[in-house]
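1. Fold the following.
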Amino acid sequence: MQRRSFLKQAGLGTMAAGAAVSAPALAQDSPSISWRLASGFPAALDLRTGAGEMFCKFVADATGGKFSIRPQADGAIASAAELLDAVGAAKVECAHVSSAACFAKNPAFCFDSAVPFGLDTGSMDAWMLEGDGLRLTRELFKAHKILNFPLGNTGPQMGLWSNREIKRATDLKDLKMRVDGLAAQVLARLGVAPQGAESAAQAEAAKQAGAARASQDGKPEAGAAPAGPDAVAGAGAYDDAKLGLNKTAKFYYGPSWWAPSEQLSLYINEEAWAKLPKHYQAALEAAALAAHTRTTAAYAARNPAALAQLVAAGAQVRALPRSVMDAAFEAAEQVYAALGEKDPKFKEIHDNYMGWRDHAMPWFRLTQGAYDQYLGVALSARG
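-> Got it, this is the predicted structure:
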């Protein structure tokens, strides 16, 4: 498979290590261009918003300040779910968002972000940059007049926060859970009652309000909002701590089979891109990959410490039982088959994506998997 222009054109040597691209010698003759970058992430998720800010800085540094991209706060231009349309309609030149937010428009967009039993961080980078990932996802985005680029990855994720212990697949029956997208479709087949994409802050507020009312007279107030869900879908330890999800439940289950890792994406309006000088396009590509690399590294650096802090604060970490994982895997296959029957494009991307996963798995299981398993046992034995 041929190497994408995303890698060919980008001067990545010092960028990937975190240094800014040096300003080109012809900066004096370059046009002054001003763009805006709409964010699809709340300010609390500082590594996600920071990725967009870092990208903007790298572009400015690479062009001697001639190409300015100003970050816009979450919701200032459109909600995360509406950014696809906003960029396509040129209401804003570019946006930084998780393509999972576009699930309602087309579930196939999730392959640009995360899907159940999908790719881990390294395999996702490989599929996007060395496999057919960019080609296939760009074909999907082209109908919306958007060019997409990877811009950050959360790395491995945990699954959920739950107030109910989960020891077997039947424990999921009637579990009220804040979850959406493909994960909700799969979990619904296992008996979970998905409650939509209410924010973590809203879920916590409802829980606190319900608890306060109950403490006043020993019973919930008539007509009052429910105290909150039984469980909330999480992400990585760092993001979950920032959102205060440990306040919503005490059991912290992993791994996240519905999002083994989550790629974040840069959306650029095609017409705005086409108007850029070639050296500005190259600077933008290099800046995107540099910010992508730095953000992925930042999550890898911060998640272990965040997990330790959550445990110290009372979180009870649990591994999802094998029976639950097996049931979820079977349900995910059923969801994929149903979506593939409805949409040939979904099936095309799915088959290519999962084909990449299955081809790479023997190598990683023999090397990385065996090494991690041994090291875990050895360190545990050491105490």
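2. alpha carbons only for contacts and neighbour counts from here, please
-> Fine.
3. burial of the nearest residue to residue 187 once chain neighbours are set aside, as a residue count?
-> Distances taken as C-alpha to C-alpha, 6 or more residues apart in numbering place residue 328 nearest to residue 187, at 7.1 Å, with adjacent residues excluded. Residues within reach of residue 328, counting by other C-alpha atoms under 10 Å, total 22.
4. What's the separation between residue 148 and residue 295?
-> Counting by C-alpha to C-alpha, to the nearest Å, the gap from residue 148 to residue 295 is 17 Å.
5. Kindly report the same for residue 114.
-> From residue 114 over to residue 295 (counting by C-alpha to C-alpha), the distance is 17 Å.
6. residues in contact with the residue nearest the centre of the chain?
-> Ranked by distance to the mean C-alpha position of the chain (C-alpha atoms, centre = their mean), the top residue is residue 262 at 3.1 Å. Taking C-alpha atoms under 8 Å, 6 or more residues apart in numbering, we find residue 262 in contact with 98, 113-114, 121, 153-156.
7. Hmm, residue 330 and residue 190 touching each other?
-> No: in this structure residue 190 lies outside contact range of residue 330 using C-alpha atoms under 8 Å: 9.9 Å.
8. What is the burial count for the nearest residue to residue 281 once chain neighbours are set aside?
-> Spatial nearest neighbour of residue 281, chain neighbours left out: residue 273 (7.3 Å); criterion: C-alpha to C-alpha, 6+ apart. As a burial measure, residue 273 scores 17 neighbours (other C-alpha under 10 Å).
9. again, but for residue 325
-> 17.
10. what helix or strand is it on?
-> Residue 325 belongs to helix 322-342 when assigned by DSSP states H and E.
11. so what does that helix touch, helix or strand wise?
-> helix 181-189, helix 344-364 (3 or more C-alpha pairs under 8 Å, 6 or more residues apart in numbering; DSSP states H and E).
12. closest one to residue 172 among the ones you listed?
-> Closest approach to residue 172 among the helices and strands packed on helix 322-342 (C-alpha to C-alpha): helix 181-189, 8.3 Å.
13. how about the closest one: buried residues?
-> Residues of helix 181-189 classed as buried: 181-189 (neighbour count, 16 or more other C-alpha atoms under 10 Å).
14. Redo those residues as TSV? Include distance to residue 164 and pLDDT.
-> Shown next, in TSV, are the buried residues of helix 181-189 (distance: C-alpha to C-alpha, whole Å; pLDDT from 0 to 100):
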residue	distance to residue 164	pLDDT
181	22	96
182	22	96
183	19	96
184	18	97
185	20	96
186	19	97
187	15	97
188	17	96
189	19	96
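15. out of those, which one sits closest to residue 324?
-> For those, the nearest to residue 324 is residue 187 (10.4 Å; C-alpha to C-alpha).
16. returning to what we had before: quick one: average confidence on the host helix or strand of the residue nearest to residue 281?
-> Here residue 273 sits within helix 270-274, counting by DSSP H and E. Averaged across helix 270-274, the pLDDT comes to 98.
17. Not counting its own residues, what contacts that helix?
-> Contacts for helix 270-274 (C-alpha under 8 Å, 6+ apart): 88, 90, 93, 145-147, 281.
18. go on, stretch 177-191?
-> Under C-alpha under 8 Å, 6+ apart, the answer for stretch 177-191 is 100, 103-104, 107, 115-116, 169-170, 172-175, 192-198, 229-233, 258, 327-328, 331-332, 335.
19. list the contacts for residue 255?
-> Applying C-alpha under 8 Å, 6+ apart, we find residue 255 in contact with 156-159, 319-320.
20. From the chain's centroid, how far away is the longest helix seen in the chain?
-> Of all segments of type helix in the chain, defined using DSSP state H, the longest is helix 278-312. Remark: helix 278-312 is offset 12 Å from the chain centroid, using C-alpha atoms, centre = their mean, to the nearest Å.
21. partner strands of the helix or strand that comes right after that helix, parallel or antiparallel?
-> Per DSSP H and E, helix 278-312 leads on to strand 316-319 as the next helix or strand towards the C-terminus. Within its sheet, strand 316-319 is paired with strand 251-254 (parallel), according to DSSP bridges.
22. Extract the CA atoms of the partner strand and return them as PDB.
-> Only the C-alpha atoms of strand 251-254 are listed here, as PDB (Å, rounded to 0.1, in the frame of the first residue of the first chain):
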ATOM      1  CA  PHE A 251     -16.600   0.600  40.300                       C
ATOM      2  CA  TYR A 252     -14.200   1.400  37.500                       C
ATOM      3  CA  TYR A 253     -14.300  -1.300  34.800                       C
ATOM      4  CA  GLY A 254     -12.000  -1.900  31.900                       C
END
